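only geometry, no sequence info:
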């Protein structure tokens, strides 16, 4: 290992420690991570989302290998919902980290919320900023496309790629979920499977319907077979073209500005809810909780009392 | 229609209007709904959860028909995650309301969050209380068993039933999600399908492992075929036995006490976040937002400023 690679390896280990603190919700660490520069374009954040089983991890793995061949430093953040009871990951598709263990220019990490205040809404943007600050040129963020998470990704990534499995009406559901409106590119993976071409065609059709207004970037639909690396070069090329377009049009700048404001709002919420937790747990709060449990005070009335106290008397 | 049935029909229409206001997040309506009496056992709240496609709606429909034959008044609340972009329901399996349209003793309603503050966390318990107050003896709450919602149900229902589809490793995933720990009964539906008996056996096995401590209620595993009504009488019987056990042991009372405290906490959060929204939108908040967007102030610093102002100067 060269001296330079050794330094990168040390920085990688330090990054891992920072992310552990961010994941644990440590507010000082979150505050200390440098803010994402509004017009930094040294790194590019690609969000990949899709239903469980669509093949996200395999696709990310193939993209990672391709980018490494191009000599790029790549970080992967896998974001998972977490069961509050078991603390374990609910959806367990993971890139095999072993494949890249010796490579100081690859950083792979799963992020799970351990139920702390703010949770992933706060941890993920901070983790992305930490990875960007560590100099990775590509940040690939994997999220599960269920409910709101796909939409949250839009606020987080510079390019959003939506992965669709052939068949199973997945493309229809993607449309329903409103993800169409935030995806910059669509990938139908498992191109060898029956229905893949049809799924791509359906998707293109629904995009033509949805995107009636003329717009400067029309999300392309790609077919890939991640397991064999097929279509991966084309996907990376599409992302690179979207990046160029987005920087040129000012979209990238606007998205990053919006992202900073979103993060500010999340931080406000977290801070405020920390104060609420303290108020709920102090002596007065415990008395109220007992009254509510016993049915001597109704929840809405008790909530008014507590919030009024917090806002007029301030934190104790 | 008798005069009494006419009165019930009018009360049903009034309930529908109240739920619309609750769904819209109207704080006055939420506050006005009577609190769930800690030891009320005139009505029983049954939560049914399971993965999409497990057959929840069909099962609920069959249970509803069975309870109606027993002369019980039944309400069904279907809780859905909602896309913030489209405002539409993401997972669309619904009971056909038409089957019960003329019946004044049946109330069926979908609840979707329209993205307002507090969202479903606040709307669902308030909706349940409104339905209980309207005198329905059974409240069946359907939720999608993805991520945290199954667990939220535990705080909401008197009896939690987890529906498992045969095959697909569903029972394993149920275990992972920690739902095992909160379910009072398990149902393997589609008993005619291959793997149903095996799924039931696997589930019983994993329950034996999980429930090592002796406990007074051991969640039974049932096989049903909701489409034909098979196993439904047994399921209703199990729920009735759990109810009797839960009231006798004091579990029901403890759950409802805990539920009131949870609701109080949710209301505190919602109230506080309303104040935050106001502070973010007022003149000072807008100046901060501009500074954050432009990169002139980092999000953590700006968040500290805003929250400090809110807690020391109070709402404006």
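Great, that's in hand. Quick caveat: nothing in here was measured; it's all calculated off a predicted structure.

CA only for contacts and neighbour counts going forward, please
Fine.

outside of stretch A:287-304, which residues touch it?
Stretch A:287-304 is contacted from outside by A:280, B:30-31, B:35, B:37-38, B:256-258, B:260-261, B:263-265, B:267-268, B:271, using CA atoms under 8 Å, 6 or more residues apart in numbering or on different chains.

List, one by one, the residues from the stretch 151-300 of chain A near chain B.
Within the stretch 151-300 of chain A, the positions adjacent to chain B are A:151, A:173, A:176-178, A:257-258, A:260-261, A:263-265, A:267-269, A:271-273, A:276, A:289, A:292-295, A:298-300 by CA under 8 Å from any CA of the partner chain.

What ranges does the stretch 1-150 of chain A have for its strands?
A:44-50, A:74-80, A:106-112, A:138-144 (DSSP state E, counting those that start in this stretch).

In a markdown table, list those strands along with mean neighbour count and distance to residue A:6.
Formatted as a markdown table, those follow (neighbours: other CA atoms under 10 Å in any protein chain shown; distance: least, CA to CA, whole Å):
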| stretch | mean neighbour count | distance to residue A:6 |
| --- | --- | --- |
| strand A:44-50 | 25 | 24 |
| strand A:74-80 | 23 | 17 |
| strand A:106-112 | 20 | 13 |
| strand A:138-144 | 24 | 20 |
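
how about those, which one is nearest chain B?
Shortest separation from chain B across the strands of the stretch 1-150 of chain A is recorded for strand A:74-80, at 9.7 Å, computed as CA to the nearest CA.

and the closest one, which strands flank it?
Sheet pairing for strand A:74-80, assigned by DSSP bridges, gives strand A:106-112 (parallel), strand A:138-144 (parallel).

Quick one: mean pLDDT for that strand?
Across strand A:74-80, the average pLDDT comes to 83.

Could you check the angle that strand makes with strand A:44-50?
Using axes from the mean of the first three to the mean of the last three CA atoms, to 10 degrees, the inter-axis angle of strand A:74-80 relative to strand A:44-50 is 40 degrees.

Give the residue spans of chain A that score low on pLDDT.
Where chain A drops to pLDDT under 70, the residues are A:1, A:37-41, A:80-99, A:101, A:113-121, A:144-154, A:167-181, A:211-214, A:315-316.

Name the residues of the lengthiest helix in chain A that come out as buried.
In chain A, taking DSSP state H as the definition, the longest helix is helix A:251-281. Neighbour-count burial for helix A:251-281, counted by 16 or more other CA atoms under 10 Å in any protein chain shown, picks out A:252-273, A:275-276, A:279-280.

Now do it: distance to the chain's middle.
Between the centre of helix A:251-281 and the centre of its chain there are 16 Å (CA atoms, centre = their mean, to the nearest Å).

going on from it, what's the next piece of helix or strand?
On the C-terminal side of helix A:251-281, the closest following helix or strand by DSSP states H and E is helix A:283-293.

what's the angle from that next one to helix A:251-281?
80 degrees.

After helix A:283-293, which helix or strand is next?
Moving toward the C-terminus from helix A:283-293, the next helix or strand (DSSP H and E) is helix A:299-313.

can you give me the angle that next one makes with helix B:299-313?
Going by the same axes, to 10 degrees, helix A:299-313 makes 100 degrees with helix B:299-313.

sorry, back to before: Throw the strands of the stretch 1-150 of chain A into CSV and include distance to residue B:111, thanks.
CSV is the format used below for those (distance: least, CA to CA, whole Å):
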stretch, distance to residue B:111
strand A:44-50, 25
strand A:74-80, 26
strand A:106-112, 28
strand A:138-144, 23
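
Which stretch among those strands approaches residue B:215 most closely?
Residue B:215 lies closest to strand A:106-112 among these, at 31.8 Å (CA to CA).

quick one: that closest one to chain centroid distance?
So, by CA atoms, centre = their mean, the centroid of strand A:106-112 is 11 Å from its chain's centroid.

repeat for stretch A:57-77
Put simply, stretch A:57-77 sits 16 Å off its chain's centre (CA atoms, centre = their mean).

Please apply the same query to stretch A:192-201.
In this view, stretch A:192-201 has its centroid 27 Å away from the chain centroid, taken as CA atoms, centre = their mean.

again with stretch A:21-37
Averaging C-alpha positions (CA atoms, centre = their mean) puts stretch A:21-37 16 Å from its chain's average.

Enumerate the positions of that stretch that are buried.
Applying 16+ other CA under 10 Å to stretch A:21-37 flags A:21-25, A:27, A:29-31, A:33-37 as buried.

try stretch A:182-197
The neighbour-count check on stretch A:182-197 (16+ other CA under 10 Å) flags A:182-191, A:195-197 as buried.

can you give me the end-to-end distance of that stretch?
22 Å (CA to CA, to the nearest Å).

all helices for the stretch 51-200 of chain A, in order.
Assigned by DSSP state H, counting those that start in this stretch, the stretch 51-200 of chain A shows helices spanning A:56-69, A:119-133, A:149-156, A:170-176, A:196-210.

what does the second one contact?
Yep, that's helix A:119-133 we're talking about. A:15, A:18-19, A:22-23, A:25, A:30, A:33-36, A:43, A:75, A:77, A:79, A:111-113, A:139, A:156, A:263, A:266-267.

Could you give the bridge partners of residue A:45?
Bridge pairing for residue A:45 - DSSP bridges - gives residue A:139.

quick one, what contacts it?
By CA under 8 Å, 6+ apart, the contact set of residue A:45 is A:138, A:139, A:140, A:141, A:156, A:157, A:158, A:159.

And those residues, which two are furthest apart?
Once CA to CA is applied, the contacts of residue A:45 give A:138 and A:156 as the farthest pair, at 13.6 Å.

how many other residues sit next to residue A:18?
The local packing of residue A:18 (other CA atoms under 10 Å in any protein chain shown) involves 21 other residues.

residues touching it, list them.
Counting by CA under 8 Å, 6+ apart, residue A:18 makes contact with A:29, A:130.

can you tell me how far it sits from residue B:284?
Taking CA to CA, one finds residue A:18 at 33 Å from residue B:284.

got it, and residue A:309?
23 Å.
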